[in-house]
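> Fold the following and give me the result.
(one chain, ligands or ions: 1)
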Amino acid sequence: MNIYGQTMEMLQNYFKSFGENPAKAKIVFAALYRDKISSFFDIAELSDTVKTRLAADFEFSGVALVTKSETETTCKYLFRLSDGHTIETVLMKHAYGNGVCVSTQVGCNMDCAFCESGKLKKVRSLEPHEMVHQVLYLRDVLGIPVSHVVLMGIGEPFDNYENVMNFTDIISHQQGISIPARHITISTAGIVPKILEYASRTAAPALAISLHAPNDELRNRLMPINRAYPIRELVDAAKVYAEKSGKKVTFAYIMIHGVNDSDECALELAALLKGINCYVNLIPYNKTRSASFEPSSKERVLEFYDMLKKQGINVTIRREFGGDMNAACGQLSSDYKQKKCSQ
Ligand code: SAH
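Below is the predicted model of the structure:
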């Protein structure tokens with residue numbers, strides 16, 4: 001087992017299982033995440049017996065950097081996992097701090113028409129430690145302070161629910177990496193039963209739903225997941241989440257020229273979301289290798305924004321990140337062979 005995949009609760013149970021004080025879990029967390037030790041034998045507060053036992057049961061191995069490409073505001077890292085598969089992680093430099101966009105799976109089964117990440121079918125889900133290592137590599141190996149985490153890299157987080165919950169528990173824990181849950185956002189393509197399950201979690205990260213269309217006819221074409229969980233069920237689940245959690249839910253809406261950016265779409269979207277405690281985040285479409293879509297013009301995005309505003313919907317326009325180096329949303333891919341990144 002990898003030590004970085006252990007939540008505080010798991011470690012407490014581990015210590016309990018052989019009659020040790022579960023409070024030792026806190027000592028281990030502080031050593032790993034605050035003191036950044038890389039051997040249990042460096043933890044002075046633990047007895048030799050406990051250290052030896054930990055060393056026999058847990059390993060430390062992380063991810064290996066393959067390539068990196070950067071612009072002024074973005075840096076994209078291709079990491080190799082221990083089984084040889086590769087994933088991508090993106091650093092976004094905001095005025096308010098650095099955000100890390102984490103991948104949750106190798107490949108993705110959602111197969112959204114506009115997204116490059118789904119072109120490679122899901123190979124497997126990532127283990128919690130493989131997500132933790134994406135953050136730790138940036139923070140500890142590269143020395144980059146990390147204030148925000150978004151689960152918007154390759155993969156569908158709610159198709160890897162347990163591991164993702166454990167990952168966010170680890171990075172948000174005060175003795176852990178201590179990124180507050182409100183600074184973490186999980187984005188889902190719309191797996192309704194998991195949204196409902198998530199609604200009952202306390203102190204959970206923020207939730208974003210990739211909506212991208214205001215009706216079933218269009219959403220079925222863009223996002224096959226809509227055939228399993230149609231838009232009405234999705235929006236109802238979002239409403240349950242917003243009411244139970246007391247938090248605003250974000251609906252991401254990418255603006256694709258001539259596809260989902262008409263006046264009718266704006267009105268339909270406003271009617272669909274009326275009465276839900278939410279934001280709509282309009283995202284300029286990033287061109288991908290495989291799809292032939294074009295982004296909406298800046299003027300169209302602003303008009304769409306105005307129409308939603310007039311209908312009483314909270315709406316924002318997302319700043320684009322990394323569009324010039326395939327590090328933007330929907331442009332990440334696990335397929336190393338296609339990579340053109342420089343070392
Ligand atoms: N599977 C999850 C997590 C991925 S998040 C989800 O769908 O939410 C990645 C975000 O980028 C999603 O909102 C996705 O819909 C969006 N996206 C995908 N392709 C894009 C593209 N070409 N341009 C802009 N956004 C895109």
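
> got the phi/psi numbers for N215?
Per-residue torsions, N215: phi -150, psi 160 (degrees, to the nearest 10).

> what does T250 give?
For T250, the backbone dihedrals (degrees, to the nearest 10) come out as phi -100, psi 130.

> Excluding chain neighbours, give the residue nearest to it in space.
Among residues not flanking T250 along the chain, A208 sits closest, at 4.1 Å (C-beta to C-beta, 6 or more residues apart in numbering). C-betas here are computed from N, CA, C, even on glycine.

> Across the sheet, point out what pairs with V106.
Beta-bridge pairing for V106 (DSSP bridges): R124.

> wait, I184
On the basis of DSSP bridges, I184 is bridged to V149.

> neighbours of it, just the number please.
By other C-beta atoms under 10 Å, 21 other residues sit near I184.

> okay but it is in contact with D169, surely?
No - in this structure, I184 is not within contact of D169 by C-beta atoms under 8 Å, at 10.4 Å.

> ok so, going back, would you confirm that the residue nearest to T250 belongs to a strand?
Yes - the assignment for A208 by DSSP: H, G, I helix; E, B strand; the rest coil puts it in a strand.

> tell me which residues form a beta bridge with it?
Beta-bridge partners, per DSSP bridges, of A208: S187, T250.

> Over to C75?
E70, L91.

> Can you tell me which residues in the protein are near the ligand?
110, 112, 114-115, 152, 156, 187-189, 210, 252, 254, 283, 285-286, 288, 329-330 (C-beta under 6 Å from any ligand atom).

> Show the low-confidence segments of this structure, by residue range.
320-330, 334-343 (pLDDT under 70).

> cutoff 90 now
71-73, 95, 116-120, 203, 287-292, 318-343 (pLDDT under 90).

> give the contact list for the residue nearest the centre of the chain.
The centroid of the chain falls nearest to L151 when counting by C-alpha atoms, centre = their mean (0.4 Å). Each residue near L151 by C-beta atoms under 8 Å, 6 or more residues apart in numbering is listed here: V102, T104, P157, V164, T168, I184, T185, I186, S187.

> where do the strands sit along the stretch 151-300 of the chain?
All strands of the stretch 151-300 of the chain, identified by DSSP state E, counting those that start in this stretch, fall at 184-188, 206-210, 249-255, 278-284.
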